[in-house]
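Visitor: predicted model and sequence follow; I will ask about them next.
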Number of protein chains: 2
Amino acid sequence: MGKKHKDGKKQKSKKKDQTEYTVADLSPALTQAARSMRTVLSRNLLDSGLYAGQDGVILSLAEADGMTAGGLAQKLGVKAPTMTRTIGRMEAQGFLERKADADDARLTKVYLTELGRGSVKAIEMGSAACDALATQAFTEKEIRNLVRLLKAIDANLQAEAVPLDEPDEN
Amino acid sequence: MGKKHKDGKKQKSKKKDQTEYTVADLSPALTQAARSMRTVLSRNLLDSGLYAGQDGVILSLAEADGMTAGGLAQKLGVKAPTMTRTIGRMEAQGFLERKADADDARLTKVYLTELGRGSVKAIEMGSAACDALATQAFTEKEIRNLVRLLKAIDANLQAEAVPLDEPDEN
DNA sequence: GAGCGCCTCTTAAAATGTTTAATTAAAAGA
DNA sequence: TCTTTTAATTAAACATTTTAAGAGGCGCTC
């Protein structure tokens, strides 16, 4: 950018030397960090012919091949039609294939193809490169704590966002 | 066959009591946490008639009214046409208005309307509620460290993502 | 075993968000 | 004056997501 940043452009609420973050800084910081990571991840994924959002499907299947479409949707936090569309696109790209379940014909099970299985390593490498880049100069302890807190945030929010079993009558 | 090593030689994701997270767990955890937060934030924002992504514009203008369209785009990490579109939608909704700069007619400066100014508090409250929900049972120190690390991640990724001055031919 | 309800997935329609490329307008400089 | 650069917008294209509605199959009850 051609602009010059002045040093003391604004000191809204933080000490100039301490950076006293509060809980109010969390959502913007999390949003921004996730956006930056998605940008870098997308760039890495493009080399495999994948779009952002598809890598989660591949990795989930690499861990448990033959998941149902609904299971994938739930695991990745999207609605069923979204997953149908994503799966359809990825099937057209040759990364995976659908097979009807033998026992229950309502279920659509999703399996990785050879191409899909071959892309797992590329995805993991791209993801690892992104993670390494993001955590430059972090200690292992910081990384462990960071992941732990992120997972706790997710659990806290999902507990509120999805009141799963609201037992009315049992 | 599709499964990975089943006996825990690395216990990367199978152990639940130890939670030995590694750097490889970062991007999925960050992605998931940001998705959950966006979901909750969107729900809170809908009460104000705002969509996700618009709150950043309001808050930026609340801090510095009269920013240019380009400045908003840069601050929020989107391209100029995206910001033009977002501003246009929000202007139609009555949250802000555009005015040409008096000195430089190329610049479009953006100002909050009364409606926009009135929504600032609602946004901040919704954001604060989301943050509080997300950080249940967190200590203040954990929160400070978390925000600090998230900002560091963003800085690390942006430093790589935007190789600003790239003198290609000289 | 026929009908009814429920579950799973898919299709359809609509809205948002994003990008690149091209266009318009205005300032800056030679 | 003429050329170049800058800022914003428009246009075209595509990805992602959602809700609502439809199609098909399973299980249970009578």
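Guide: Happy to help now that I have it. If you're wondering where the values come from, they're calculated on a predicted model, not measured in any experiment.
Visitor: what about stretch A:45-53, distance to the chain center?
Guide: Its chain's C-alpha centre and that of stretch A:45-53 lie 13 Å apart, by C-alpha atoms, centre = their mean, to the nearest Å.
Visitor: from the rest of the structure, what touches it?
Guide: By C-beta atoms under 8 Å, 6 or more residues apart in numbering or on different chains, the surrounding residues in contact with stretch A:45-53 are A:38, A:41-42, A:54-55, A:58, A:86, A:93, A:95, A:119, A:122-123, A:126. C-beta coordinates here come from the backbone N, C-alpha and C atoms, glycine included.
Visitor: what about 10 Å?
Guide: Stretch A:45-53 is contacted by residues A:38-39, A:41-44, A:54-55, A:57-58, A:76, A:78, A:82, A:86, A:89-90, A:93-95, A:115-116, A:118-123, A:125-127, A:130, B:31 when judged by C-beta atoms under 10 Å, 6 or more residues apart in numbering or on different chains.
Visitor: filter these to the buried ones?
Guide: A:38-39, A:41-42, A:44, A:54-55, A:57-58, A:76, A:78, A:86, A:90, A:93, A:95, A:116, A:119-120, A:122-123, A:126-127, A:130, B:31 (16 or more other C-beta atoms under 10 Å in any protein chain shown).
Visitor: near DNA strand D, which of those residues show up?
Guide: A:Gln54, A:Val78, A:Thr86 (C-beta under 7 Å from any atom of the strand).
Visitor: does A:Gly88 count as helix, strand or coil?
Guide: Put simply, A:Gly88 is helix when judged by DSSP: H, G, I helix; E, B strand; the rest coil.
Visitor: that one: what's it in contact with?
Guide: Neighbouring residues of A:Gly88 by C-beta under 10 Å, 6+ apart: A:Ala69, A:Arg98.
Visitor: same question, A:Glu140
Guide: B:Tyr21, B:Thr22, B:Val23.
Visitor: do the helix or strand hosting A:Asp131 and chain B meet at all?
Guide: For A:Asp131, the enclosing helix or strand under DSSP states H and E is helix A:114-134. Yes: using C-beta under 10 Å from any C-beta of the partner chain, helix A:114-134 reaches chain B at A:Arg117, A:Val120, A:Glu124, A:Gly126, A:Ser127, A:Ala128, A:Ala129, A:Cys130, A:Asp131, A:Ala132, A:Leu133, A:Ala134.
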